[in-house]
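A.B. asks: Curious how this folds, go ahead:
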Amino acid sequence: MKCPLRTVLAVLALAVALSAAGCGDSHGAGSPTPSDSGIKGRTLVDGGCPMVREDSPCPDRPLRARLTITGGSPERTVAETTSDADGHFRISLPPGTYTIRPTNLTGAMTPIAQPVSVTVKGGRFTMIVISFDSGIR
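C.D. replies: Next comes the predicted model:
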């Protein structure tokens, strides 16, 4: 079966577009990343207790959160993920310096967390804890 040149070119253009869009990359935009380096950790929110005492601790709790990872020059989004119900996340990234921009999933003002700068080294996952502030004191 012969394919018209226009069909062949359309298929090639689609393949190039899907490749450039990062199709199949569940972590975000850009080129594929090695699985032997990246960032892993937890997202936690403070217990929200107005007063913490030794006899009545107020431990941090896991928090599902959206994490947008930016890096490069100019800074651009290189990956996005959501931590699980226990606050755990893991994302493969090549070595480099990144900024993690955490947001809570409710869209409310609180809990809130500040951006975190992370350096990823080759051959390992950098462990971090992202702490959200409940706003309760």
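
A.B. asks: C-alpha from now on. contacts and neighbour counts both.
C.D. replies: OK.

A.B. asks: Report the secondary structure element holding the nearest residue to T97 once chain neighbours are set aside.
C.D. replies: Sequence neighbours aside, T119 is the residue nearest to T97 in space, at 4.3 Å (criterion: C-alpha to C-alpha, 6 or more residues apart in numbering). Here T119 sits within strand 116-120, counting by DSSP states H and E.

A.B. asks: And for T68?
C.D. replies: Using DSSP H and E, T68 falls in strand 65-71.

A.B. asks: Which elements pack onto that strand?
C.D. replies: strand 76-82, strand 96-104 (3 or more C-alpha pairs under 8 Å, 6 or more residues apart in numbering; DSSP states H and E).

A.B. asks: Switch these over to JSON lines; also include distance to G48, mean pLDDT and mean neighbour count.
C.D. replies: As requested, those are exported to JSON lines (distance: least, C-alpha to C-alpha, whole Å; pLDDT from 0 to 100; neighbours: other C-alpha atoms under 10 Å):
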{"stretch": "strand 76-82", "distance to G48": "22", "mean pLDDT": "96", "mean neighbour count": "18"}
{"stretch": "strand 96-104", "distance to G48": "15", "mean pLDDT": "96", "mean neighbour count": "19"}
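
A.B. asks: L63: which of these is closest?
C.D. replies: strand 96-104 (8.0 Å; C-alpha to C-alpha).

A.B. asks: Which residue ranges of this structure form strands?
C.D. replies: Secondary structure of the chain by DSSP state E: the strands cover 38-45, 61-62, 65-71, 76-82, 88-92, 96-104, 116-120, 125-132.

A.B. asks: right, and D84 touches R66 too?
C.D. replies: No: contact criterion C-alpha atoms under 8 Å: D84 and R66 do not qualify, at 9.7 Å.

A.B. asks: returning to what we had before: got CSV for the helices and strands packed on strand 65-71, with distance to R90 too?
C.D. replies: Listed next are the helices and strands packed on strand 65-71 as CSV, based on distance: least, C-alpha to C-alpha, whole Å:
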stretch, distance to R90
strand 76-82, 8
strand 96-104, 12
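
A.B. asks: No more questions from me, cheers.
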